[in-house]
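Asks: For reference, the sequence and a predicted model appear below.
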Amino acid sequence: MNNKALLSKYVGNSENVFAQIKLRKGAETPSSQRITEVIEYAKRYLSDAKYYGEKQKYSTGLVSVAYCEGMLDALRLLKLVDFKWPETEERR
């Protein structure tokens, strides 16, 4: 798979997560504002990835979407948010 196709795939996966992400019960504490800030940072990285994709700078776009996914995964691993990555043949 080339970088353009990879970027498109990962951008789509991240968009899917943002459509369903929600704070977990118990995460609604004074730190919930911080969680929301991290989600907004991740959205900006996704926006950057799309921008670089449009400019055909696919490697840079992949780096941006990788940061986005990493931030989302960190929140999930900390059990602060709930979401599932889309199931694909490659992820199985």
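Replies: Sure, I can see it. Numbering: from 1, shown residues only.
Asks: what's the helix or strand of the chain with the lowest mean pLDDT packed up against?
Replies: Evaluated with mean pLDDT, DSSP states H and E, the helix-and-strand set of the chain has its lowest mean pLDDT in strand 22-23, which scores a mean of 84. Packed against strand 22-23, as judged by 3 or more CB pairs under 8 Å, 6 or more residues apart in numbering; DSSP states H and E, are the following elements: helix 32-54, strand 81-82. In this view, the C-beta of every residue, glycine as well, is placed from N, C-alpha and C.
Asks: what's the most buried one of those?
Replies: strand 81-82 (a mean of 18; mean count of other CB atoms under 10 Å).
Asks: average model confidence for that strand?
Replies: Over the span of strand 81-82, the pLDDT mean works out to 93.
Asks: Give the pairing partners of it; include direction for each.
Replies: Sheet pairing for strand 81-82, assigned by DSSP bridges, gives strand 22-23 (antiparallel).
Asks: before we move on, back to that, turn the helices and strands packed on strand 22-23 into TSV, columns for distance to Gly12.
Replies: Written out in TSV, the entries for these read as follows (distance: least, CB to CB, whole Å):
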stretch	distance to Gly12
helix 32-54	10
strand 81-82	19
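Asks: out of those, nearest to Val65?
Replies: The closest of the helices and strands packed on strand 22-23 to Val65 is helix 32-54. By CB to CB, the value is 3.9 Å.
Asks: Tell me which helix or strand comes right after that closest one.
Replies: Next in sequence after helix 32-54, counting helices and strands by DSSP states H and E, comes helix 58-77.
Asks: residues of that following helix that come out buried?
Replies: Counting neighbours by 16 or more other CB atoms under 10 Å, one finds that the buried residues in helix 58-77 are 58, 60-65, 67-69, 71-72, 75-76.
Asks: one step back: name the residues that touch the least confident helix or strand of the chain?
Replies: Ser32, Ile35, Thr36, Leu80, Val81, Asp82, Phe83 (CB atoms under 8 Å, 6 or more residues apart in numbering).
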